[in-house]
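>>> I need the structure of the sequence given here:
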Amino acid sequence: MAESNQRDVKKSKSKYAKYASLLLFCEQYCCLTGFADLCALSPVYFNGVRLHVETQEKPIFAVRSSNVTLPCHYHYKPQLNTPRRTRVKWSRLPVNGGQETDVLVAIGLRHRSYGEFKGRVHLRQDTPGEVSLVISDLHLNDSGRYRCEVIDGLEDESAVVELELRGVVFPYQPAGGRYQLNFGAAQHACEEQDAALANFEQLFSAWEEGLDWCNAGWLADGTVQYPITQSREPCGGLGLAPGLRSYGLRHRHLHLYDAFCFSSSLRGKVYFLQHPHKLNFTEAVKACKEDRAEIARVGQLYAAWKFLGLDRCDAGWLADGSLRYPIIKPRPNCGPDEPGVRSFGFPAEHHRHGVYCYRAR
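I've put the predicted structure just below:
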């Protein structure tokens, strides 16, 4: 332990020796060029003052369309008597890997947001040293790790907080049947159902909650996996323990699988339309429009089942041409003994059934 502490001290001294040399050069340059006032920046680094940035260690949970605050505070040790001008940068590290992207940069009261976060983020600075990030109208793809970085001259410290969206994962295959989707088509299929491709953590959570599905599907990181709670021969064999079976990374254009989609809470309401007659698919779409709504999508039905407790033992059309119904309390003539969204697949569009509609608030 003593040797480790000595190495840390040597490393710290080396770091500040480099800073001192650089600042000495800057100081001499400033004085020679008439910018002597900038030399005042250096003492804070030579007197043992350190910048500390802190955030919450546990993940923060939220749902789609809600607002969330990612906490972040900074302070100096020892404490400074005079406030310093700092630059604050928030960036996002996606759950599925990939490039770190800027979310917001702020200097004083001026700030700028970027990309999909433009107009949806701002800093909360209610107390000295607070630079928390407020995100409005959360999107399905906002899950990830967020870095809070505070920059003060040569001092640059950061902390990372994780944001997780609560939701529901569901397996999806199109009307053409099993294993018809490459990676891009899987992304598009989920988006069409008011969802997004699930990430590994979301699929793992769904498996922990009991999701068991023996068809492999794309995840957002380009891997192909499937969750098994009851080991059996066609699904990896009896010798494998329950868990997530993985095919690893697959070719995003050539390989074809199903998809695992992720949906979260709704802004509106999903309901079974009370109509005097059974409807074919075209009539079902029209009937929802006449009721000042639209035909519900698969992700919306799953979200209504998961978050709003929608329970209806009547099969109804959905926007993709499939026929499904949600069950919270299993009962006779309503499918298996477990809660879930039941599916009758994709019947011919001239068949007559009920319909589930979605009305936005």
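
>>> dihedrals phi and psi, the residue nearest to Trp207 when sequence neighbours are not counted?
In space, and not counting its chain neighbours, Trp207 is closest to Pro227: 3.8 Å by CB to CB, 6 or more residues apart in numbering. To be clear about C-beta, it is placed using only N, CA and C from the backbone, and glycine gets the same treatment. When read as degrees, to the nearest 10, the backbone of Pro227 gives phi -100, psi 130.

>>> what residues are up against Pro227?
203-204, 206-207, 211-213, 243-245 (CB atoms under 8 Å, 6 or more residues apart in numbering).

>>> tabulate the residues you listed (CSV), appending pLDDT.
Converted to CSV, the contacts of Pro227 look like this (pLDDT from 0 to 100):
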residue, pLDDT
Leu203, 97
Phe204, 97
Ala206, 97
Trp207, 98
Leu211, 97
Asp212, 97
Trp213, 97
Gly243, 97
Leu244, 97
Arg245, 97
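
>>> pick the one among those closest to Lys269.
Ala206 (24.1 Å; CB to CB).

>>> looking at this, that closest one is in a helix?
Yes. Judged by DSSP: H, G, I helix; E, B strand; the rest coil, Ala206 forms part of a helix.

>>> neighbours around the closest residue in space to Gly340 that isn't next to it in sequence, how many?
Excluding the flanking residues, the one nearest Gly340 by CB to CB, 6+ apart is Ile327, at 6.2 Å. By the measure other CB atoms under 10 Å, the count of residues near Ile327 is 19.

>>> could you check how far Ile327 is from Ser343?
Per CB to CB, to the nearest Å, Ile327 is found 11 Å from Ser343.

>>> any chance you could map the strands in the stretch 1-150 of the chain?
50-54, 60-62, 68-70, 73-77, 87-94, 101-107, 110-113, 121-124, 132-135, 144-152 (DSSP state E, counting those that start in this stretch).

>>> quick one, the longest one and strand 87-94 angle?
Strand 144-152 and strand 87-94 meet at an angle of 160 degrees, taking axes from the mean of the first three to the mean of the last three CA atoms, to 10 degrees as the criterion.

>>> and the angle from the helix or strand just after strand 144-152 to strand 50-54?
Of the helices and strands lying after strand 144-152 in sequence (DSSP states H and E), the nearest is strand 155-165. Relative orientation of strand 155-165 with respect to strand 50-54: 0 degrees, computed using the same axes, to 10 degrees.

>>> state the distance from the most centrally placed residue in the chain to Ile135.
The residue lying closest to the centre of the chain (CA atoms, centre = their mean) is Ser143, at 1.8 Å. Distance, Ser143 to Ile135, by CB to CB: 11 Å.

>>> overlap in contacts, those two.
If you check Ser143 and Ile135 against CB under 8 Å, 6+ apart, the residues they both contact are Leu163.

>>> related to what we said a few turns ago, could you find the closest non-adjacent residue to the residue nearest to the centre of the chain?
Leu165 (5.0 Å).

>>> ok, that neighbour touching Leu140?
Yes. At 6.7 Å, Leu165 counts as touching Leu140 under the criterion of CB atoms under 8 Å.

>>> what touches both of the two?
64, 262, 264.

>>> looking at the residues you listed, spot the one nearest Pro347.
Minimum distance to Pro347 across the shared contacts of Leu165 and Leu140 is 26.3 Å, recorded for Phe262 (CB to CB).

>>> all helices of this structure, in order?
Per DSSP state H, the chain carries helices over the ranges 2-33, 43-46, 183-192, 200-208, 281-290, 298-308.

>>> packing partners for the fourth one?
Yep, that's helix 200-208 we're talking about. Where contact means 3 or more CB pairs under 8 Å, 6 or more residues apart in numbering; DSSP states H and E, helix 200-208 is packed against strand 168-172, strand 223-228, strand 243-249.

>>> relative to the longest one, what are the paired strands and their orientations?
Strand 243-249 has the following strand partners under DSSP bridges: strand 223-228 (antiparallel).

>>> likewise for the first one?
Looking at strand 168-172 with DSSP bridges, its paired strands and their directions are strand 258-263 (antiparallel).

>>> and the angle for the partner strand with helix 200-208?
Going by the same axes, to 10 degrees, strand 258-263 makes 90 degrees with helix 200-208.

>>> now do strand 258-263: everything it contacts.
Strand 258-263 is contacted from outside by 64, 140, 165, 167-173, 178-181, 186-187, 189-190, 193-199, 202-203, 215-219, 225-226, 298-300, 302-303, using CB under 8 Å, 6+ apart.

>>> and these, which of them are buried?
Among those, the ones that count as buried by 16 or more other CB atoms under 10 Å are 64, 140, 165, 167-173, 180-181, 186-187, 189-190, 193-199, 202-203, 216-219, 225-226, 298-300, 302-303.
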